[in-house]
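> please find the sequence and the predicted model below.
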Number of protein chains: 2
Amino acid sequence: MQEKLELLKAPQLRDRVISAEEAASWIEDGMTLGLSGFTRAGDAKAVPTALVKRAEAGEQFKVNVYTGASLGSNIDKMFAEAGIVNKRLPFQAEPIMRKEINTGGHLFVDQHLSHTSELLRADVIDTVDYAILEAISVTEDGYLIPSTSVGNSQAFAEFADNIIIEINTAQPQELEGVHDLYSPKQQGERGPIPLTKPDERIGTKGIPLDLDKVKGIVFTHQVDSASTIVPPDEETEMMANHLLDFLRSEVKSGRLTESLMPLQSGIGSVANAVLHGMINSEFENLVVYSEVLQDAVFDLIDAEKVDFASACSLTLSEEKMEQVFGNFDKYRDKLVLRPQEISNHPELIRRLGLIAINTALEFDIYGNVNSTHVTGTNMMNGIGGSGDFARNSRIGIFVTKSIAKGGDISSIVPFVSHVDHTEHDVDVVVTEQGYADLRGLAPRERVPVIIENCAHPMYREQLWEYYNEALERGGQTPHVLEKAFSWHTNFKEHGTMRQMVPGTSRDLSNV
Amino acid sequence: MQEKLELLKAPQLRDRVISAEEAASWIEDGMTLGLSGFTRAGDAKAVPTALVKRAEAGEQFKVNVYTGASLGSNIDKMFAEAGIVNKRLPFQAEPIMRKEINTGGHLFVDQHLSHTSELLRADVIDTVDYAILEAISVTEDGYLIPSTSVGNSQAFAEFADNIIIEINTAQPQELEGVHDLYSPKQQGERGPIPLTKPDERIGTKGIPLDLDKVKGIVFTHQVDSASTIVPPDEETEMMANHLLDFLRSEVKSGRLTESLMPLQSGIGSVANAVLHGMINSEFENLVVYSEVLQDAVFDLIDAEKVDFASACSLTLSEEKMEQVFGNFDKYRDKLVLRPQEISNHPELIRRLGLIAINTALEFDIYGNVNSTHVTGTNMMNGIGGSGDFARNSRIGIFVTKSIAKGGDISSIVPFVSHVDHTEHDVDVVVTEQGYADLRGLAPRERVPVIIENCAHPMYREQLWEYYNEALERGGQTPHVLEKAFSWHTNFKEHGTMRQMVPGTSRDLSNV
């Protein structure tokens, strides 16, 4: 215990050490919780788990749950299974929770990840009753040193009525000094955010705490959940190569140099694989300014391709965690972790001129992107930071495989069944087939490059058929509204988006 | 002539005075023009008109036309009729041009108004061969003093190969000193934009010119086209009152004071009327930070409600022009005109915390907004600045009348036929029926407030019917995809969105 207390340097807090169960006992029905955690990293683990135990023991209650992004440690899963969530925001990525959301079991507010702290600051969403924040330590002068993610923790600490801190002794103490905490003032009263380069520091090394609000300190010892990304496959390698070809053409045209612009890459296997593809490229002295750093970024640091990486979260595979935290001196000076409001801030994304790479579920012939809703209704994960980045980056890129389910789904459709990113915000789309550079193109110019460069050959003719029929009706964005979603309804009814030959079970692509 | 030359103070330029016809003769097939002008104000008039005359005389050529926004002086109309446009961006609002666009006569790239200058700076869209810019004068040290709009003129001057200046002696000389010109450096090399209050000045009083690029000076004398806004009517007054009620509730809750936050209001009669509704309200010491100042802002200045107004354009009725420019000393210290990149910049909109009021064509039961495409295909005007403002403002508000065409069209539909603003960016929607505050609400929570507060009573039951059927299928955003656009296709087929009773010509609302 003495050893642990050395991580709790603020003397005023030493008599507030309690058990997770005691802390969890303070949570009441109807309260709002602000949990640390972003893409399975740095989540508060013990108190939420103890809270679930109360429900499992038969207590009836529901809480609103605000986080940075998705939680690891099965928290989202346990919360969903226990049925204790009233409203969840701003992002999740958990199958059981997803099911709960889509069946109306609980509410989910899908938000731009840079917006949540602004809404708390403006007092627009329910005040957080308890912020429950993981830390590696609390300094003598009252700064909370976060662990593997910063997420919304600073905003939760600032605007919550009460704070519970989980000091996780399983998290690497080496992280101290990597964080850079900065919270803008209220809108209308703030100055510019002074960051002008990804490697600059603009804030404090920890979250300044109002010690009066800190009601309890819980010691825990539990490593983060490992990342669930899968290794690159043949198709993601093809996508990476197409993306590299596009970037090469930008260098050739003189618009970019070989160190490109700061790179952002969304969460997930595809974006990770695409970034990974840069290892054997000619690009060098790269800088990353992203929301989450996955394995690929550390591979790129190891390969001396990436000089510096800024994000709000570290989400690594088990192997990579060991490697990185076992050799942290190698990485310390090349990393900074910021609040997600800063990593995803429009002001900074636009100023720095990022190249932003995010994953689409589907996009349409005009370049509108659906990145959240399966067949327009069922939530996958959430928009996350993709809107913050795509709208404000220098080059907004979306990647997806051209087909899914063995070809029964085309990711390129006449009309996306849900719009997360409009054609105004989508510069380049990439599939394993190729890339389409949409910048400066009118809708009618976008169609041929999207169909010919990105759609799977088995769907090209069918896309042309739709477009040609639409074109006869005219318009800036020609459509046949009564058939706009027919691909999605065909999939639902017949199990495939491929056009069926009337009266047979064969599809047209075999005729 | 001597008197005119006094407006051309830079001595190097005095021997470059030419006729509009001579200037127009330099334009070649395939070139790209950057024309001053934003919402009918400050457009280059003489050279474009002379260019049209070349086409009318039988010459065959096409040019790309970049502007600030819509042009007055019939330029867009004449260009469209003459068939000399290849590609037009980023906004227009002219019936003949609209028809050309929708029939595929020429291409139109619909852009966020803050993005165009960034695309020029990054060399992503075609380089401007000739910038043709209206001015009230050129200073001795080579600054172009714009007239009634700034728009994209600074970017055109900076990135064009050649510049032609139209010094318009019919524009009020009193405008000198009102402009504040500022151009960010390339992305990655720039610092913060230093503006922190709407009334601050951060730049120069004119556009710095590379005098070597100035190929010709044309003197003109032609007033701006007057604004075409129509006066408030009963319904827009009702909308204004609902908006005021919403703002009052924000003041009551302590989230706003009676001087609110800086106001932005989109172009058009409805937004103008809504702003006008503040005249007899308790709100005072208001500040405007908008892209265009219409009549209502000056009425509010006269009523001592508005203390200061910043924009990139002044678009006034004939009567208001006379009043304002006839008494300009009264307004001079209360105005500043900036580049549209600055008036619409995400960095500044978010920092200042605007209340943004823009017009929707239609919105859906989840709060997605269509502000550009009639029945999903035909372009009306363009997205303009509405995306810049809605996404980044403190409160993003969209207004529209709940029905159109005598009730045959409902502006509230199951699924918007085109998405310009996703539910993430739409905080409040207002119709003459009432307002719906959507902040912090999940999609399923949004539906009842939108239907009950905003939809016209004649469509409420029909909307509920759709939603209840969708709800049976579940999802984060429940939909019946095969019926999602049935309202639009019904309108096309039967001339009304009202549900028809099978086999009769009566609609269900009369049953």
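Cool, got the structure.
> residues from the stretch 401-511 of chain A in reach of chain B?
Among all residues of the stretch 401-511 of chain A, those adjacent to chain B (criterion: Cβ under 8 Å from any Cβ of the partner chain) are A:417-420, A:422, A:424, A:439-442, A:444-445, A:470-471, A:473-479, A:481-482, A:484-485, A:488-489, A:492. C-betas here are computed from N, CA, C, even on glycine.
> pLDDT of stretch A:3-11, averaged?
Mean pLDDT, stretch A:3-11: 93.
> same check, this time on stretch A:288-307
In this model, stretch A:288-307 has a mean pLDDT of 96.
> just the buried ones from the residues of the stretch 401-511 of chain A next to chain B?
Of all those considered here, the ones buried according to neighbour count by 16 or more other Cβ atoms under 10 Å in any protein chain shown are A:417-420, A:422, A:424, A:440-442, A:444, A:470-471, A:475-479, A:481, A:484-485, A:488-489.
> among those, which are in helices?
Among these, the residues falling in helices (DSSP state H) are A:444, A:470, A:471, A:488, A:489.
> may I ask which two of those are separated the most?
The most widely separated members of these are A:444 and A:489, with 25.7 Å between them, by Cβ to Cβ.
> next, count neighbours for the closest residue to residue A:110 other than its chain neighbours.
Spatial nearest neighbour of residue A:110, chain neighbours left out: residue A:382 (4.5 Å); criterion: Cβ to Cβ, 6 or more residues apart in numbering or on different chains. For residue A:382, the number of neighbouring residues by other Cβ atoms under 10 Å in any protein chain shown comes to 28.
> one more: residue A:136?
By the measure other Cβ under 10 Å, the count of residues near residue A:136 is 23.
> now do residue A:176
The number of residues packed around residue A:176, counting by other Cβ under 10 Å, is 17.
> surely it and residue A:205 touch.
Yes. Assessed by Cβ atoms under 8 Å, residue A:176 is found in contact with residue A:205 at 7.2 Å.
> identify the contacts common to these two.
In the contact map built from Cβ atoms under 8 Å, 6 or more residues apart in numbering or on different chains, the residues linked to both residue A:176 and residue A:205 are residue A:145.
> give the contact list for the residue in the stretch 351-500 of chain A that chain B sits nearest to.
With distances taken as Cβ to the nearest Cβ, the stretch 351-500 of chain A approaches chain B most closely at residue A:353, which sits 2.5 Å away. Counting by Cβ under 8 Å, 6+ apart, residue A:353 makes contact with A:261, A:262, A:393, A:394, B:122, B:186, B:187, B:188.
> which ones are touching the residue of the stretch 101-250 of chain A found nearest chain B?
The nearest approach of the stretch 101-250 of chain A to chain B comes at residue A:187, 2.6 Å away (Cβ to the nearest Cβ). Each residue near residue A:187 by Cβ under 8 Å, 6+ apart is listed here: A:118, A:121, A:122, B:261, B:350, B:351, B:352, B:353, B:394.
> hmm, residue B:354 and the last one touching each other?
Meaning residue B:394. Yes. Applying Cβ under 8 Å, one finds residue B:394 in contact with residue B:354, separated by 6.1 Å.
> for the contacts of residue A:353, which one is nearest residue A:346?
Once Cβ to Cβ is applied, the member of those that ends up nearest residue A:346 is residue A:393, at 9.9 Å.
> what does the pLDDT read for that closest one?
At residue A:393 the predicted local distance difference test score is 98.
> could you do the one 4 residues further on as well?
Reported pLDDT at residue A:397 in the predicted model: 97.
> looking at the sheet around it, what are its partners?
Bridge pairing for residue A:397 (DSSP bridges) gives the partners residue A:357, residue A:428.
> contact residues of the stretch 251-400 of chain A facing chain B?
Proximity of the stretch 251-400 of chain A to chain B (Cβ under 8 Å from any Cβ) is limited to residues A:253-255, A:261-262, A:345-347, A:350-353, A:368, A:372-373, A:375-379, A:383, A:387, A:391-392, A:394.
> tell me which of these fall in helices.
Cross-referencing those with the helices (criterion: DSSP H) gives A:346, A:347, A:350, A:351, A:352, A:387, A:391, A:392 as the overlap.
> which of the contacts of residue A:353 are buried, as a ChimeraX select command?
Entered in ChimeraX, the line below selects the buried ones among the contacts of residue A:353, by 16+ other Cβ under 10 Å:
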select /A:261,262,393,394 /B:122,187,188
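> TSV for the contacts of residue A:353, including distance to residue B:212?
Rendered in TSV, the data for those read as follows (distance: Cβ to Cβ, whole Å):
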residue	distance to residue B:212
A:261	31
A:262	35
A:393	34
A:394	29
B:122	23
B:186	21
B:187	26
B:188	28
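> just give me the closest of the contacts of residue A:353 to residue B:413.
residue A:393 (31.6 Å).
> who's in contact with the closest one?
Shown here is residue A:393, whose contacts under the criterion Cβ under 8 Å, 6+ apart are A:264, A:349, A:350, A:353, A:354, A:355, A:356, A:427.
> neighbours of the closest residue in space to residue A:400 that isn't next to it in sequence, just the number please.
The spatially closest residue to residue A:400, leaving aside those adjacent along the chain, is residue A:360, at 4.3 Å (Cβ to Cβ, 6+ apart). For residue A:360, the tally of surrounding residues (other Cβ under 10 Å) stands at 28.
> phi, psi for residue A:360 please.
Comment: the main-chain dihedrals of residue A:360 come out as phi -100, psi 150, following degrees, to the nearest 10.
> so it sits against residue A:368, correct?
No. Contact criterion Cβ under 8 Å: residue A:360 and residue A:368 do not qualify, at 9.7 Å.
> ok, residue A:28 to residue A:84 distance?
Computed with Cβ to Cβ, to the nearest Å, the distance linking residue A:28 and residue A:84 is 12 Å.
> how about the strands of the stretch 151-300 of chain A, start to end?
Under the criterion DSSP state E, counting those that start in this stretch, the stretch 151-300 of chain A contains strands at A:162-168, A:207-208, A:214-220, A:263-265, A:286-289.
> with that, I have no additional questions.
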